[in-house]
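[1] Return a 3D structure for these sequence lines:
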Amino acid sequence: MYQRTSLRTGRQFRSKRINYSSFSRSPRGAQRGGARGGRGGRFKPALDIAQFIEKSARGIDVKQVIIKHAFGDFNFSPELKRNLERRNYIQPTPIQDQAIPHILEGRDLVGLASTGTGKTGAFLLPLIEKIHKDRSQKVLIIAPTRELAEQINSEFRMFAYGMNIFSALCIGGMPTYKQLNALKMNPHVIIGTPGRLGDIADRKAIVFSSFNNVVVDEIDRMLDMGFIKPIGDILKSLNPKRQSLFFSATIPAPIRKLAQQFLNNFIMVEIQSGVTVHNINQKVIRTDNRIMKFDKLKEILTLREAEKVLIFNETKRGVDVLTRDLKDSGFRALCIHGDKHQRERQRFLTQFRENKVQILVATDVASRGLDIKDVTHVINYTVPETYDDYIHRIGRTGRSGSKGTAVTFIE
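    The predicted model follows:
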């Protein structure tokens, strides 16, 4: 039976100034709720959030990563280099710097890096170059959520602009017939979620054996959502002579086993993986009841620096109720979760990205891979189940070297 470490009582608020405490282990290591089944029907270990809270304030020695290349050093075509210059991309991130040369060489690879460090570009750029040189190349990119798949597709289109390299997006919540029509155009790249890709394959509109490149992005999230068997079935159906790339922020033991099974002589590139980003100021608030909890949340949201806030709640109903309460209190808030129509989720994400609303409340559908600029605060209104969930949630702030704040509520 798994045990959940208890959390020590935090300091109370004083006046209008918010005082925070840090998580720490209870000396008794009290059990909380016993074994708990996670998403996908598997049991998850207890969460010791003390491992992450306030790391940036403890003087942790962060290993300096030396960037060895500029984008101009890679053997990219002039067209791709122009697209990078157009976006003012000069120096790669560490994961891009180390992964791109291996991918260009055709190596299978597992890329591990903290969220918000440019993993998407690390696999898109060399694969676009590969297609540009050889139009027989076909790429399948599998993502755990619709939002992440859409974001990958959007970045792909910007990187491949004017190169006559095309993609099709296959995700749930959108009309299947449009996706089937897009597939008839024989795109070079197909980006999708496991469920919709499986449905379309059943219709014979996708033949997995025709793909000689595959990317599985956020593969630990696939495990979390119970997608590992469908992913394994897809990998078994692909062209055996292929290049395979796994990318994530963390890689638990089942994923290592999957990599050993389906990747050929792969190289592992790991950049500060499995820990929270050092430029995120992590805090915790202890509350005695729901009323106090909501009052403290409102105090945070009225702070001048809380300009763009992403709030995570565990359940869809909890997200709806919290959003309604925030609106009733005069805040500009929207919400997304799995029961929302895809067009509505897209619209609300766009409004949040464009700063038309201050607050977005979400389940963990928003915790992986989404690149939303200038999120000042991530608030865990409910405690995440696992280390991985915590890492990915708070990774929505403090991106690309900026500073961010993560607050976790406990009752």
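[2] What residues of the worst-scoring helix or strand of the chain on mean pLDDT count as buried?
    Lowest mean confidence among the helices and strands of the chain (mean pLDDT, DSSP states H and E): helix 387-394, at a mean of 77. Within helix 387-394, the residues that count as buried by 16 or more other Cβ atoms under 10 Å are Tyr387, Asp388, Asp389, Tyr390, Ile391, His392, Arg393, Ile394. Just so you know, the C-beta spots here come from the backbone N, C-alpha and C atoms, and that holds for glycine as well.
[3] tell me the contacts of Ile190?
    By Cβ atoms under 8 Å, 6 or more residues apart in numbering, the contact list for Ile190 reads Lys138, Val139, Leu140, Ile141, Ser167, Ala168, Cys170, Leu183, Leu197, Ile206, Phe211.
[4] any idea where the strands of the stretch 251-400 of the chain begin and end?
    In the stretch 251-400 of the chain, the segments counted as strands under DSSP state E, counting those that start in this stretch are 267-271, 280-286, 309-312, 333-336, 359-362, 377-380.
[5] Distance to Ala149, mean pLDDT and mean neighbour count added to these, as CSV?
    Formatted as CSV, the strands of the stretch 251-400 of the chain follow (distance: least, Cβ to Cβ, whole Å; pLDDT from 0 to 100; neighbours: other Cβ atoms under 10 Å):
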stretch, distance to Ala149, mean pLDDT, mean neighbour count
strand 267-271, 23, 91, 18
strand 280-286, 26, 88, 23
strand 309-312, 19, 94, 26
strand 333-336, 15, 92, 24
strand 359-362, 17, 94, 26
strand 377-380, 22, 94, 24
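[6] Let me know which of these is the nearest to Ser114.
    strand 267-271 (7.2 Å; Cβ to Cβ).
[7] who touches Glu314 in this structure?
    Taking Cβ under 8 Å, 6+ apart as the test, what Glu314 contacts is Thr363, Thr382.
[8] same thing but at 6 Å, please
    The contact partners of Glu314, taken as Cβ atoms under 6 Å, 6 or more residues apart in numbering, are Thr382.
[9] quick one: it and Ile228, what's the gap?
    22 Å (Cβ to Cβ, to the nearest Å).
[10] sorry, back to before: which of the strands of the stretch 251-400 of the chain sits closest to Gln261?
    Once these are compared by Cβ to Cβ, strand 267-271 is nearest, at 15.0 Å.
[11] What strands line up against that closest one, and which way round?
    strand 109-113 (parallel) (DSSP bridges).
[12] Show residues contacting the partner strand.
    With Cβ under 6 Å, 6+ apart, strand 109-113 has contacts from 95, 99, 102, 119, 122, 245-247, 251, 259, 266-271, 273.
[13] one more time with 8 Å
    93-95, 99, 102-103, 119, 122-123, 245-251, 259, 263, 266-274.
[14] From the residues you listed, which land in helices?
    Pro94, Ile95, Ala99, His102, Ile103, Lys119, Ala122, Phe123, Ala259 (DSSP state H).
[15] For the fifth one, which non-adjacent residue is closest in space?
    What it means is Ile103. Leaving aside its sequence neighbours, Ile103 sits nearest to Pro126 (Cβ to Cβ, 6 or more residues apart in numbering; 3.9 Å).
[16] where along the stretch 1-150 of the chain do the strands fall?
    109-113, 139-142.
[17] ok, of those, where does mean pLDDT dip lowest?
    For those, the weakest mean pLDDT is recorded on strand 109-113, namely a mean of 92.
[18] Name the spans of the stretch 151-300 of the chain whose pLDDT lies under the cut-off.
    In the predicted model, the stretch 151-300 of the chain carries pLDDT under 70 at residues 272-278.
[19] What segments of the stretch 151-300 of the chain are helices?
    Secondary structure of the stretch 151-300 of the chain by DSSP state H, counting those that start in this stretch: the helices cover 176-183, 194-202, 219-224, 228-237, 253-262, 290-301.
[20] Return the most buried member of those helices.
    Among those, judged by mean count of other Cβ atoms under 10 Å, the one packed with the most neighbours on average is helix 219-224 (a mean of 25).
[21] Which other helices and strands does that helix contact?
    Secondary-structure packing of helix 219-224 (3 or more Cβ pairs under 8 Å, 6 or more residues apart in numbering; DSSP states H and E): helix 228-237, strand 243-248, helix 253-262, helix 387-394.
[22] 6 Å - rerun?
    strand 243-248, helix 253-262 (3 or more Cβ pairs under 6 Å, 6 or more residues apart in numbering; DSSP states H and E).
[23] With only the CA atoms kept, save that helix in CSV.
    Taking C-alpha atoms only, helix 219-224 is exported to CSV below (Å, rounded to 0.1, in the frame of the first residue of the first chain):
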residue,chain,number,x,y,z
ILE,A,219,5.1,9.9,-23.2
ASP,A,220,4.8,9.8,-19.5
ARG,A,221,1.4,11.5,-19.8
MET,A,222,0.4,8.7,-22.1
LEU,A,223,1.2,6.2,-19.3
ASP,A,224,-0.8,8.4,-16.9
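[24] Could I get the contacting residues of Ala122?
    Ile95, Gln96, Ala99, Gly111.
[25] Could you tell me how many residues sit around the third one?
    Other residues within reach of Ala99, judged by other Cβ atoms under 10 Å, total 30.
[26] Out of the helices of the stretch 151-300 of the chain, which gets nearest to Asp364?
    helix 219-224 (8.4 Å).
[27] Work out the gap between the closest one and the centre of the chain.
    Here helix 219-224 is found 11 Å from its chain centre; the criterion is Cα atoms, centre = their mean, to the nearest Å.
[28] from now on call the first residue 8
    Sure thing, new numbering starts at 8, so read that last one as helix 226-231.
[29] circling back to that earlier point, redo the ones in helices among the contacts of strand 116-120 as CSV? Include distance to Lys243.
    Below are these laid out as CSV (distance: Cβ to Cβ, whole Å):
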residue, distance to Lys243
Pro101, 33
Ile102, 28
Ala106, 25
His109, 24
Ile110, 22
Lys126, 25
Ala129, 25
Phe130, 21
Ala266, 14
